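*Asks:* Please find the sequence and the predicted model below.
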Amino acid sequence: MSKRFDPFTVALTGQLSIILIVSTILAFVASYLLLRLYRRAVIKSMRRRSRSDILETHGFIAPELEHRPHDGALNFGFITRDSSYGDERSAKLYRDAARSIRLTALVHIIAGSVFAATMTTAFLYAGNLEFLPFRFLYFTWVNAWPVVIAVHLAIGLSRRGRLIAAAIYFLVGILIASISMIKSPGLTLGQLVYLWLDPNVPPTLLLVIFLNRRIRAIGPLVLVFMLLGVAGASLAVTLTGNSPTLLKALADASSAIGLRATSAVALLHLLGFAVFAVVGWLILSTLRRLYIAKSISEQSLIIDAVWLVFGIVNSIGLVFEGRWWLLSGLVAFALYKLTAITAFRAVGLARRAQLNGPRLLLLRVFALGKRSEALFDSLGKSWRTVGSMQMIAGPDLTTSAIEPHEFIEFIGGRLARRFIDTGRTLDLRMSQMDLAADCEGQYRVSEFFCHDDTWKMTLARLADESDAVLMDLRGFSPAHTGCVFEVHEIFNVVPLPRVVFAIDQSTDQTFLRQTMQNAWRQLKDRSPNHRLAEGQVALVELSAMSAATVDNLLYALCAAAST
């Protein structure tokens, strides 16, 4: 005799699936459109001149009436991790970064394993299955698939690193599955493959949508909002449909104002969405306050969303064994989060982080697009374990570097407040820079939004107060006059040992060397580089964003920041 299910259970499982799918699709569309609007608003304000009486600046150091050309040699050298560049202090900073990356990965593996073990326990209990050692191990391995995703999001694995992580994960599964099949001859390979595909493929496909790099920065926030809104719309219709009194009231009200049945249902959906959207906005505001207080990070928002999606999806099927099993995913997520917080405190990443770690200024050719995004993503996950990062907002990284509080301010119509329009505003923004590590030991990115006539003074101020400067000159050519100015300004303001230039095959190296030679010969007397007998330009080759090239770049930056 087949098992019968009450109408509530059937409706609950069906509605949860629909809510999750619809919310994810709506979150993707809304995130994409909102980020396009955000990028357009930022670019429009960047091109606008400020309303203040700022005079066009031609450099941080005032022009000199008499100029004495620097006649020392300017040398160029490529930096790799194996080179003798740097000293013991830079090597220690590099080791600290590498250690922090390994510990971060370890924390996510441990916390993810707790989540997987909790979901396995719920599955076995709900199905009244015996707790056999290798059965438990296999299902825990199945539920640990998000660990691979979470580790990549946390430390930025290269393509080769992702393949190695996936290979290790599946080799462990093959070993457990082989032993299980030996111990249980009736168990088939097809059954084991299905047991992996069923809980992992649907949430993975959903996450492929909203973890897209173009919307990843705000995807989790929008997903939370949409989940609540769609749930409210669905709940409003369900409650009304199950209540004869509410159903009659809706029918009477619709007839009174001349609405058709379909229009009345649509209006009911909108009302339910609106009510729960208010709750969603309150949650977003709370997340903003937690982010500013460093209780959460933009990284933890994204990774938490991964585990929450897997927990919700995998607990839906357990509802047929009892409606309270729906909470198993939330319990597993809560234990994961508690474990992660405890583990981060235990390894002491935030405790060991300096109060004011080295400050890195990132400059680049704005036209690089996806290449800038890849560098920002990879470098951010490594450098930000030891120091903060500052940069001038540009169209290339507008949507990648957006922080939760910036996005919420944009939604609230307060984006214009973030733009620098006077020297006093610049002073304020400099004093507001977030230079301390968060609860996970990660430093943050400070983005400076500038108008067309304020970016030069902002550049000079940031360069003068940074411990290291990275200038990404991939794609550099005579067409990039703004970058030519930046090169001259960097030579005049920042000691060359603190500067690293990244190039690749798309860089016009002849023009690059000519530009730097001109900047070297035209050094102003008050430039810190004018006292050098000869100059040394540190170059890093970034033809491919592999693990080796990112390591070379991180090592060069650690050496520059330790000078």
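*Replies:* It's in.
*Asks:* Name the residues that touch stretch 216-228?
*Replies:* Here stretch 216-228 makes contact (C-beta atoms under 8 Å, 6 or more residues apart in numbering) with 19-20, 23-24, 26-28, 30-31, 34-35, 210-212, 215, 276-277, 279-281, 283-284, 287, 298, 301-302, 304-305, 399-404, 407-408. Every C-beta, even on glycine, is put in place using the N, C-alpha and C of the backbone.
*Asks:* which non-adjacent residue is nearest A416?
*Replies:* Using C-beta to C-beta, 6 or more residues apart in numbering and skipping residues adjacent in sequence, the residue nearest A416 is S45, 6.7 Å away.
*Asks:* ok, the one you found touching C450?
*Replies:* No - counting by C-beta atoms under 8 Å, S45 does not reach C450; the two are 9.0 Å apart.
*Asks:* residues shared between the contacts of these two?
*Replies:* Common neighbours of S45 and C450 are listed as F419 (criterion: C-beta under 8 Å, 6+ apart).
*Asks:* ok so, going back, residues touching the residue nearest to A416, list them.
*Replies:* Applying C-beta under 8 Å, 6+ apart, we find S45 in contact with L415, A416, F419, F449, H451.
*Asks:* what's the helix or strand for it?
*Replies:* helix 7-47 (DSSP states H and E).
*Asks:* so for the strand or helix carrying R513, what's the average pLDDT?
*Replies:* Assessed by DSSP H and E, R513 sits inside helix 509-521. Mean per-residue pLDDT for helix 509-521: 93.
*Asks:* Can you tell me which helices and strands that helix packs against?
*Replies:* Packing contacts for helix 509-521, counted by 3 or more C-beta pairs under 8 Å, 6 or more residues apart in numbering; DSSP states H and E, involve strand 74-78, helix 481-493, strand 499-503.
*Asks:* and the ones you listed, which is most packed in?
*Replies:* Neighbour counts (mean count of other C-beta atoms under 10 Å) averaged over each of the helices and strands packed on helix 509-521 peak at strand 499-503, with a mean of 24.
*Asks:* returning to that earlier point: what residues of the helix or strand following the helix holding R513 count as buried?
*Replies:* Following helix 509-521 in sequence order, the next helix or strand is strand 535-541 (DSSP H and E). For strand 535-541, a neighbour-count test (16 or more other C-beta atoms under 10 Å) marks G535, V537, A538, L539, V540, E541 as buried.
*Asks:* Report the contact partners of the third one.
*Replies:* Contacts were defined as C-beta under 8 Å, 6+ apart; by that measure A538 touches G77, I79, Y85, L496, P497, V499, V500, F501, A556, A559, A560.
*Asks:* For these, could you give me TSV that also reports pLDDT and distance to G112?
*Replies:* Listed next are those as TSV, based on pLDDT from 0 to 100; distance: C-beta to C-beta, whole Å:
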residue	pLDDT	distance to G112
G77	91	42
I79	89	36
Y85	73	37
L496	94	44
P497	93	41
V499	95	40
V500	95	35
F501	95	39
A556	93	33
A559	92	35
A560	93	35
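*Asks:* and which of those residues is nearest L360?
*Replies:* Proximity of those to L360 (C-beta to C-beta) peaks at A560, which lies at 8.5 Å.
*Asks:* show me the contacts for the residue nearest to that closest one when sequence neighbours are not counted.
*Replies:* Nearest residue to A560, sequence neighbours excluded (C-beta to C-beta, 6+ apart): A468, at 4.0 Å. Counting by C-beta under 8 Å, 6+ apart, A468 touches P358, R359, L360, L361, G387, R498, V499, V500, L557, A560, A561.
*Asks:* ok, T507 touching F476?
*Replies:* Yes - under the criterion of C-beta under 8 Å, T507 makes contact with F476 at 5.0 Å.
*Asks:* Comparing those two, which residue is more hemmed in?
*Replies:* F476 (27 against 22; other C-beta atoms under 10 Å).
*Asks:* which residues of the chain fall in strands?
*Replies:* Assigned by DSSP state E, the chain shows strands spanning 74-78, 359-364, 388-392, 419-420, 445-450, 468-472, 499-503, 535-541.
*Asks:* Kindly reformat those as JSON lines containing distance to I164.
*Replies:* What follows is the strands of the chain, written out as JSON lines (distance: least, C-beta to C-beta, whole Å):
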{"stretch": "strand 74-78", "distance to I164": "27"}
{"stretch": "strand 359-364", "distance to I164": "28"}
{"stretch": "strand 388-392", "distance to I164": "27"}
{"stretch": "strand 419-420", "distance to I164": "44"}
{"stretch": "strand 445-450", "distance to I164": "28"}
{"stretch": "strand 468-472", "distance to I164": "27"}
{"stretch": "strand 499-503", "distance to I164": "25"}
{"stretch": "strand 535-541", "distance to I164": "23"}
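*Asks:* Quick one: low-confidence residue ranges for this structure.
*Replies:* When residues are selected by pLDDT under 70, those of the chain lie in 1-16, 49-68, 70, 239, 241-261, 319, 354-356, 367-368.
*Asks:* what about the closest residue to Q517 other than its chain neighbours, distance to V494?
*Replies:* Excluding the flanking residues, the one nearest Q517 by C-beta to C-beta, 6+ apart is L74, at 5.9 Å. Distance of L74 to V494, given as C-beta to C-beta, to the nearest Å: 15 Å.
*Asks:* so how far is stretch 546-562 off the chain centroid?
*Replies:* Chain-centre distance of stretch 546-562: 21 Å, with C-alpha atoms, centre = their mean, to the nearest Å.
*Asks:* Thank you, goodbye.
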